[in-house]
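*Asks:* okay, predicted coordinates and the sequence, questions at the end:
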Amino acid sequence: MITVESVSKIFNGKPAVDNISFQANDKEILVLLGTSGCGKTTTLKMINRLIEADSGNILIDGKNIRDRKVEELRMGIGFVMQHSGLFPHYTIKQNIAVVPELLKWDTQKIQNTTEELLHKLHLPEDVLSRLPNELSGGQQQRVGIARALIANSPILLMDEPFGALDNITKADIHSEFKSLEELKNKTIILVTHDVQEAFELGQRICLMDKGKIIQTGTPQEILYRPKNDFVKDFFAENRLLLEYKVASLNNVKSFIDSEIIIGEFQFTEETSVWNALQKLSSDHKNTDAYEILIKAFNDYRKLQIV
Ligand SMILES: Nc1ncnc2c1ncn2[C@@H]1O[C@H](COP(=O)(O)OP(=O)(O)OP(=O)(O)O)[C@@H](O)[C@H]1O
């Protein structure tokens, strides 16, 4: 568990992070969401002490990170930097091997684990001998993720890990990412300014503005019980889409005979209404099921909006 207690950071007399507190629970993906300059990256970097907090405390599993050696602290934290952060003069193979070499893994183990991760992240093996600038932005980001995952540390900090991807590739990566076995037991803090990404990946979201946390909650809580007008307005543009994405078939099942829809189309109760509708809309034979689901969603929605 990561606990951030009343943490602040001031740059040139201006607060970049202003007395924030939150907790990332074990094995959850907590998203820090906010517009450019609101203090997300600074917050993330304070957790692995790339930036030292001016005040407040950060605890990992109850231990203050100030009381730990920086190198030892960072060994237990995978970090995916904004724009991949790969060493430009190292090959991809060397970039991925940096931490395993510090941990004195034998060459065979490094090679096997690297190949396994490349495969899972859909990167061809021939990238290994290339330099970062010989890869696309999206490929570089996947390498950045492989590098952060290889040592299997229990905590993962990710700064805009999919920022270089277009929206279509992003949607694919999000579902791949969520199903990666390597992530299942990790506590993950992910920074993004992309509202849809936050809703697709975050179990909880901290919405930040001007160095402060405005609201922390599940996507449903943030959407249906916004703390103030700022939160409401922040999601106004994407609101309907987000509502379809946060509602699962489990949420709407009491409004339909969902067994039919779930069984017939191989959905699960966790499938979002959005994904189910997308699948149903791809074939005109499913028009009836599509309409049943829309109606159920509308009935469910009426009860959420207070
Ligand atoms: N090293 C630094 N020196 C001075 N000011 C800084 C430094 N790092 C960040 N800042 C300032 O602190 C504020 C917060 O920056 P931060 O990078 O944490 O924001 P962010 O939410 O991650 O933004 P982005 O999404 O654009 O990366 C900004 O006003 C930024 O200009």
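*Replies:* Structure received.
*Asks:* tell me the contacts of residue 120?
*Replies:* Taking CB atoms under 8 Å, 6 or more residues apart in numbering, we find residue 120 in contact with 180, 182. The C-beta positions use only the backbone N, C-alpha and C, and glycine is treated the same way.
*Asks:* actually residue 191, sorry about that
*Replies:* Taking CB under 8 Å, 6+ apart, one finds 31, 32, 40, 41, 43, 44, 82, 158, 159, 160 in contact with residue 191.
*Asks:* residue 132 now?
*Replies:* 84, 86, 87, 88, 90, 92, 95, 140, 143.
*Asks:* next structured bit after the helix or strand of the chain with the lowest mean pLDDT?
*Replies:* Here the helix or strand of the chain ranked lowest by mean pLDDT, DSSP states H and E is helix 258-265, holding a mean of 68. Proceeding C-terminally, helix 258-265 gives way to helix 273-281 as the next helix or strand, assigned by DSSP states H and E.
*Asks:* which regions of this protein lie under the pLDDT threshold?
*Replies:* 257-263, 306 (pLDDT under 70).
*Asks:* got the residues of it near the ligand?
*Replies:* For the chain, the contact set with the ligand under CB under 6 Å from any ligand atom comprises 11, 12, 16, 34, 36, 37, 38, 39, 40, 41, 42, 193.
*Asks:* quick check: the farthest pair among these?
*Replies:* 12 and 193 (22.7 Å; CB to CB).
*Asks:* of these two, who's got more company?
*Replies:* residue 193 (17 against 5; other CB atoms under 10 Å).
*Asks:* tell me the contacts of that one?
*Replies:* 33, 34, 35, 36, 40, 160.
*Asks:* before we move on, what about residue 170?
*Replies:* Residue 170 neighbours (CB under 8 Å, 6+ apart): 162, 194, 197.
*Asks:* relative to the ligand, which of the residues you listed is nearest.
*Replies:* Of all these, residue 194 has the smallest distance to the ligand: 10.2 Å, by CB to the nearest ligand atom.
*Asks:* with neighbour count added, can I get the contacts of residue 191 in JSON lines?
*Replies:* As requested, the contacts of residue 191 are exported to JSON lines (neighbours: other CB atoms under 10 Å):
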{"residue": "31", "neighbour count": "28"}
{"residue": "32", "neighbour count": "29"}
{"residue": "40", "neighbour count": "27"}
{"residue": "41", "neighbour count": "20"}
{"residue": "43", "neighbour count": "29"}
{"residue": "44", "neighbour count": "23"}
{"residue": "82", "neighbour count": "17"}
{"residue": "158", "neighbour count": "26"}
{"residue": "159", "neighbour count": "22"}
{"residue": "160", "neighbour count": "21"}
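*Asks:* do you know how far residue 30 is from residue 197?
*Replies:* 13 Å (CB to CB, to the nearest Å).
*Asks:* more crowded one of the two?
*Replies:* Comparing residue 30 with residue 197 by other CB under 10 Å, the one with more neighbours is residue 197, at 23 against 20.
*Asks:* what about that one, helix or strand, and which?
*Replies:* Using DSSP H and E, residue 197 sits in helix 195-201.
*Asks:* pairing partners for the helix or strand following that helix, with directions?
*Replies:* Using DSSP H and E, the helix or strand that follows helix 195-201 in sequence is strand 204-209. Note on strand 204-209: by DSSP bridges, its sheet partners are strand 29-33 (parallel), strand 212-217 (antiparallel).
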